[in-house]
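[1] Could you look at this predicted model? Sequence included:
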Number of protein chains: 2
Amino acid sequence: METIDTLISARWIIPVEPDETVLADHSVAIRDGKIVQVLPTAAAADTYEPTETTELSDHALIPGLVNAHTHAAMSLFRGLADDLPLMDWLNNHIWPAEGKWMNDEFVRDGTELAIAEMLKGGTTCFSDMYFFPEETARVCSGAGMRAVVGLIVIDFPTVWAQTAEEYLRKGLQLHDELRNNELITTAFAPHAPYTVSDGTLQKIRTMNNELNLPVHIHLHETVHEVDEAVSKTGQRPLERIASLDLVNPNLVAVHMTTLLPGEIGPLAHAGVNVVHCPQSNMKLASGFCPVNAMMQAGVNVALGTDGAASNNDLDMLDEMRTAALLAKAVANDATAVPAHSALRMATLNGARALGLDDQIGSLEPGKSADIAAIDLSSIGTQPIYDPISQIVYSAGGHQVTDVWIAGKQLLKNRQLATLDEQAILQKAGEWRDRIQAADSGA
Amino acid sequence: METIDTLISARWIIPVEPDETVLADHSVAIRDGKIVQVLPTAAAADTYEPTETTELSDHALIPGLVNAHTHAAMSLFRGLADDLPLMDWLNNHIWPAEGKWMNDEFVRDGTELAIAEMLKGGTTCFSDMYFFPEETARVCSGAGMRAVVGLIVIDFPTVWAQTAEEYLRKGLQLHDELRNNELITTAFAPHAPYTVSDGTLQKIRTMNNELNLPVHIHLHETVHEVDEAVSKTGQRPLERIASLDLVNPNLVAVHMTTLLPGEIGPLAHAGVNVVHCPQSNMKLASGFCPVNAMMQAGVNVALGTDGAASNNDLDMLDEMRTAALLAKAVANDATAVPAHSALRMATLNGARALGLDDQIGSLEPGKSADIAAIDLSSIGTQPIYDPISQIVYSAGGHQVTDVWIAGKQLLKNRQLATLDEQAILQKAGEWRDRIQAADSGA
């Protein structure tokens, strides 16, 4: 008998790798935060002596979900300004609100709210782009949350930094501080082609020769962005990013709604990662991302919620469903992005985009024990012919009951283990009161 | 002090009529199953002496949701055959499965499963199209559920009826039996132009001169349907239905994904009702319904989930969100179908489509007390700037805690009052075992 820390037994385990696999009545053995083995529950009893055991008889275990693009702290703006076009929403609502309210405390409280929501919905890793990234990292460390913190760069001054140089300097300092952090890594996060100059992008490219980080950027979010770029620079944004030598496997291109058919093949060839944010794209009428065409061409397509101000939630189960449904509608093909592909987008493809696929994204021996358990016994997910279908097309984030990150249980029977939910809700209410009072007074 | 049966006090009441209204700290007074008044909670204490009082301090009350198109019993096929095109899904999976399994017991058990899911998600009325409608009606009566039961007609034999004449005869018999039922009404439900002959549609038209029922039909679900009709008959299905004098305020046209711009104005002029089923349309890659253009033109657009075999749930909150998001993407306009319009589609517009807008669809004095309470305190719906935004863009069906139909409480703190949830789940599992065993044996 081999000693392990934890044995989780479940009705089904969906390891994602191999693809389309559902293991009935299996268990995950965990030691030192890593998966030792996935094996039939009947065999586990004869093999392992666990310190702790969890039995989940109505549940499916999946790899923890990877939210590959969000702005966590913006959860405090959830529902502040809806039903508006992107540039109106940004110029007249979000950016002024950020100018007024955003500071280290806002980022701390907003990120805690976001992490609480993400953990309760089965997300175990998120890729963030926001100001005060050191606060984001601190909150994640405190909660035991895995994250890729974006070192944001934008060519206009905020309370966090005044110039591109200052953004980069602060970002690199944070990168150094996080060098030995096992849960939190960093990415360069130039905001978008229309807010970051060639010079700054060139600096990032040069620094990345050494650092080899993901480069997380909004790209081709709207037709307007592309048209304006062409009229100002003569180049489509993707063309410009390519001319700056940033189109490579480190690129994490978010949105990509306005692509020419001829642009897709080269993306696959260059090993670019795309993050699809279907609900945000729809809500802001940003256009359609050709997800099926990209996946057919071999592009690695991951999934993100975007910020809660344009979604308006961080529910990756909901996002998977929308991605699977929207891809069919856009491709005019009901076989596009079947359920197992949507689950892969939300797990292994996200891990790969973030350079973490050797550690997370599937339930395989040697990988970190980042796991979510989904209770499929409720009336809206019954009866069950195929648990993967049920997870993607019927289940909601509220059916997630238990979550582990690196073997540590952060959600236990729907209760957060490392965060104070009541205090988080209290603070969210206080921010709302302040922000709303100022808005009505304006 | 006036005696009433029930007083429900809530943090917010969203009556839907008047539109865009949020009443903070209000109460609904109910007597004999009808709404007497909606008034400030502070004033209610001085006005009414209720037999029963419910206080919902974190909740929004909305009119019970109206699911204007579903096939309730098909919930037993949820997830049986996913990621397939419509005609493959129908011809090779759903119709054979129905041929093998569908009978009165299947319809009873499937409809109970569906009603349980709908009630738990805030739906208080549904418009159904399925075989054995007398069983659907019986289950609804037993549960206290409001429904418009479709008198299905289809030009091929099933275990319920052999010929169009038999379908119609059985349907009319059911209509007669339900004449004095206060909760359950009927609609003619010819399945689709491609499955019902001109002669049968003419009979329905003639009978409806007297009965004046809604005529619930799948119409322009896919490009394939329209193209095939043109090549077979020389007419687009809508044109044919119009030539049979069925394009009038009784028409409840479901899907309507393939419309020419010139077809929209006449629909509005004729007073036609359209039921939009966004998730089903996306899942089956059926095409895009021009929701925003129709609403701008004045067409009454309601909302339906379709059956759980093509959705795969009956969650109208989820469907509202998808409708609001998809309409923006299709119209390329982020201001299309704002949150309050989506809520209206799912309530008052549905009631109007079903000819029930004098009774349900808004919280107004004199209307039936069909009400759903949504708990907005959970972390994914906080903070709250605008409760309507939160309901449409962030909340899920699981946040519905309490439901009343005609003043009777059918869901109390998430527990079903008139249905046995465990027995329903048990039966769903038994059907799954039988159906799956036969499938794997085949």
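    Arrived safely, thanks for sending. Numbering: from 1, shown residues only, chains lettered A, B, ... in the order given.
[2] Need the contact partners of the helix or strand of chain A with the lowest mean pLDDT.
    Least confident helix or strand, chain A: helix A:86-89 with a mean of 86, by mean pLDDT, DSSP states H and E. Outside helix A:86-89, the residues within contact range by C-beta atoms under 8 Å, 6 or more residues apart in numbering or on different chains are A:Ala81, A:Glu221, A:Thr222, A:His224, A:Leu284, A:Ala285, A:Ser286, A:Ser310, B:Ala334. Heads up, the C-betas are built off the backbone N, CA and C, glycines and all.
[3] Past the biggest strand by length in chain A, which element shows up next along the chain?
    For chain A, the strand that runs over the most residues, judged by DSSP state E, is strand A:48-63. Using DSSP states H and E, the helix or strand that follows strand A:48-63 in sequence is strand A:65-70.
[4] Restrict the strand or helix carrying A:Gly171 to CA atoms and write it as CSV.
    For A:Gly171, the enclosing helix or strand under DSSP H and E is helix A:164-177. Extracted C-alpha coordinates of helix A:164-177, given in CSV (Å, rounded to 0.1, in the frame of the first residue of the first chain):
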residue,chain,number,x,y,z
ALA,A,164,4.9,53.2,-20.8
GLU,A,165,8.3,53.1,-19.2
GLU,A,166,6.9,53.2,-15.7
TYR,A,167,4.3,50.5,-16.5
LEU,A,168,7.1,48.3,-17.8
ARG,A,169,9.5,49.0,-14.9
LYS,A,170,6.8,48.2,-12.3
GLY,A,171,5.8,45.1,-14.3
LEU,A,172,9.3,43.7,-14.4
GLN,A,173,9.8,44.4,-10.7
LEU,A,174,6.7,42.3,-10.1
HIS,A,175,7.9,39.6,-12.4
ASP,A,176,11.1,39.4,-10.4
GLU,A,177,9.3,39.2,-7.1
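[5] what comes up buried for that helix?
    By 16 or more other C-beta atoms under 10 Å in any protein chain shown, the buried positions in helix A:164-177 come out as A:Ala164, A:Tyr167, A:Leu168, A:Lys170, A:Gly171, A:Leu174, A:His175.
[6] Let me see the residues that make contact with it.
    Counting by C-beta under 8 Å, 6+ apart, A:133-134, A:137, A:149, A:151-155, A:160-161, A:186, A:188-189, A:196-197, A:199-200, A:203-204, A:207, A:211, A:213 sit against helix A:164-177.
[7] Show me which of the contacts of helix A:86-89 are buried.
    A:Ala81, A:Glu221, A:Thr222, A:Leu284, A:Ala285, A:Ser286, A:Ser310, B:Ala334.
[8] How confident was the prediction at the most centrally placed residue in chain A?
    The centroid of chain A falls nearest to A:Asn67 when counting by C-alpha atoms, centre = their mean (1.5 Å). Per-residue pLDDT puts A:Asn67 at 98.
[9] for it, what are its contacts?
    A:Asn67 neighbours (C-beta under 8 Å, 6+ apart): A:Met118, A:Thr123, A:Cys125, A:Phe126, A:Ser127, A:Leu303, A:Gly304, A:Thr305, A:Leu314, A:Met316, A:Glu319, A:Gly350.
[10] quick revisit: nearest to B:Ala327 among the contacts of helix A:86-89?
    The shortest approach to B:Ala327 among these belongs to A:Ala285, at 9.3 Å (C-beta to C-beta).
[11] That closest one belongs to a strand, doesn't it?
    No: with DSSP: H, G, I helix; E, B strand; the rest coil as the criterion, A:Ala285 is located in coil rather than a strand.
[12] So it versus B:Thr322, what's the distance?
    15 Å (C-beta to C-beta, to the nearest Å).
[13] So is the helix or strand containing A:Ile388 next to chain B?
    Assessed by DSSP H and E, A:Ile388 sits inside helix A:387-389. Yes: using C-beta under 8 Å from any C-beta of the partner chain, helix A:387-389 reaches chain B at A:Ser389.
[14] Which elements pack onto the helix or strand just after the helix holding A:Gly171?
    Once the chain leaves helix A:164-177, the next helix or strand it forms, by DSSP H and E, is strand A:184-190. If you count contacts as 3 or more C-beta pairs under 8 Å, 6 or more residues apart in numbering or on different chains; DSSP states H and E, strand A:184-190 packs onto helix A:133-143, strand A:146-153, helix A:164-177, helix A:198-211, strand A:215-219.
[15] and those as TSV, adding mean pLDDT?
    Converted to TSV, the helices and strands packed on strand A:184-190 look like this (pLDDT from 0 to 100):
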stretch	mean pLDDT
helix A:133-143	98
strand A:146-153	98
helix A:164-177	98
helix A:198-211	97
strand A:215-219	98
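[16] any chance of the ones you listed in TSV, plus distance to B:Gly265?
    TSV is the format used below for the helices and strands packed on strand A:184-190 (distance: least, C-beta to C-beta, whole Å):
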stretch	distance to B:Gly265
helix A:133-143	52
strand A:146-153	49
helix A:164-177	53
helix A:198-211	50
strand A:215-219	39
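[17] closest one to B:Ile62 among the ones you listed?
    helix A:133-143 (34.1 Å).
[18] how big is the angle separating that closest one from strand A:184-190?
    Angle between the axes of helix A:133-143 and strand A:184-190 is 160 degrees (criterion: axes from the mean of the first three to the mean of the last three C-alpha atoms, to 10 degrees).
[19] so who does the spatially closest residue to the residue nearest to the centre of chain A that is not a sequence neighbour touch?
    Sequence neighbours aside, A:Phe126 is the residue nearest to A:Asn67 in space, at 4.1 Å (criterion: C-beta to C-beta, 6 or more residues apart in numbering or on different chains). Listed by C-beta under 8 Å, 6+ apart, the contact set of A:Phe126 reads A:Val66, A:Asn67, A:Ala68, A:Thr70, A:Ala72, A:Ala114, A:Met118, A:Met145, A:Arg146, A:Ala147, A:Val148.
[20] Closest to B:Ser57 out of the residues you listed?
    A:Ala114 (25.2 Å).
[21] count of residues packed around the closest one?
    Residues lying near A:Ala114 (other C-beta atoms under 10 Å in any protein chain shown) number 32.
[22] What is the burial count for the spatially closest residue to A:Gly150 that is not a sequence neighbour?
    Nearest residue to A:Gly150, sequence neighbours excluded (C-beta to C-beta, 6+ apart): A:Ala189, at 2.9 Å. Residues contacting A:Ala189 under the criterion other C-beta under 10 Å number 29.
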